[in-house]
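Q: The sequence and its predicted three-dimensional model are supplied below.
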Amino acid sequence: MKRYIVIFTLILMNYSCKAQQQSILRTLTFQDTFNEDYFRQKGDYVKDSYNQLNPYIGTWKYEGSEKTLILKIQKVPMFYENIRKAYSDELLITYKYIKNGTVIVDNLNAPIITSFENISSIDAKKYGTFSLTYFMNELYLTGSIKDIPLNITTNAEIHPVNPVNGTFNTIKIYYNGMISTRGNPDSFYVGKPTFELPNKVELIKQ
């Protein structure tokens, strides 16, 4: 839980803080960061040296009876983290959400960004950022995404479904309702679901 809180807090702070970008002082792999003793330092660059993020790249779709969710996942080398003044290869996620045939959100064509520096809070809502995590003998993605219809920023996980030799055609997304921030007054959420976006659903690569 502590690990998720740290990740989530840093992402939120990235939205609002502006800083001069740091030069690279040390290059590491994801495997280096899985060590319990690892602590990201100023000037670190966590590089996807073994292309472990690549299988997630592409367009993924969930289609239910009422809701459709399309994720566009793009790889961004050297995404800059303002607070810790460090870099990492990350996955940038935008999405299209359709409910009962009506398009509610469509950010699929939002331009790629390499940092939340100089990005307005309105534009920042369009993006989720995810990186590789190793926990309980499983490799998967952790990060943060915005449920735009409800104005909720939440920590999330994306797991590969039945991976074979590191490749897969299906992913499953989970939002963590315990680690989230609401952007509207409490009265707005009375009678509303925890999340508007489809949760705990499988998306198929298109």
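A: Yes, it's here. Numbers count the residues shown, from 1 in each chain.
Q: In the protein, which residue sits furthest out from the middle?
A: Distance from the C-alpha centroid of the chain, by CA atoms, centre = their mean, peaks at Ser187 (27.5 Å).
Q: My reading is that that residue is in a helix; is that accurate?
A: Yes. Counting by DSSP: H, G, I helix; E, B strand; the rest coil, one finds Ser187 located in a helix.
Q: Tell me which helix or strand comes right after the worst-scoring helix or strand of the chain on mean pLDDT.
A: Here the helix or strand of the chain ranked lowest by mean pLDDT, DSSP states H and E is helix 2-16, holding a mean of 48. Using DSSP states H and E, the helix or strand that follows helix 2-16 in sequence is strand 26-29.
Q: picking that back up, distance-wise, check the residue farthest from the centre of the chain relative to Gly177.
A: 19 Å (CB to CB, to the nearest Å). Bear in mind the C-beta positions are built from the backbone N, C-alpha and C, glycine included.
Q: give the contact list for the nearest residue to Val161 once chain neighbours are set aside.
A: Nearest non-adjacent residue to Val161, counting by CB to CB, 6 or more residues apart in numbering: Thr170, 3.9 Å away. Thr170 makes contact with Pro160, Val161, Asn162, Glu202, Leu203, Ile204, Lys205 under the criterion CB atoms under 8 Å, 6 or more residues apart in numbering.
Q: host element of the fourth one?
A: Same thing as Glu202. Counting by DSSP H and E, Glu202 is found in strand 201-205.
Q: Direction included, what does that strand pair up with?
A: If you go by DSSP bridges, strand 201-205 pairs up with strand 58-63 (antiparallel), strand 170-182 (antiparallel).
Q: Please save the CA atoms from it in CSV.
A: C-alpha atoms of strand 201-205 as CSV (Å, rounded to 0.1, in the frame of the first residue of the first chain):
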residue,chain,number,x,y,z
VAL,A,201,-12.6,-5.4,-17.3
GLU,A,202,-10.6,-7.1,-20.0
LEU,A,203,-9.5,-5.2,-23.1
ILE,A,204,-8.5,-6.9,-26.3
LYS,A,205,-5.7,-5.6,-28.5
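Q: as a whole number, average confidence for it?
A: Mean per-residue pLDDT for strand 201-205: 98.
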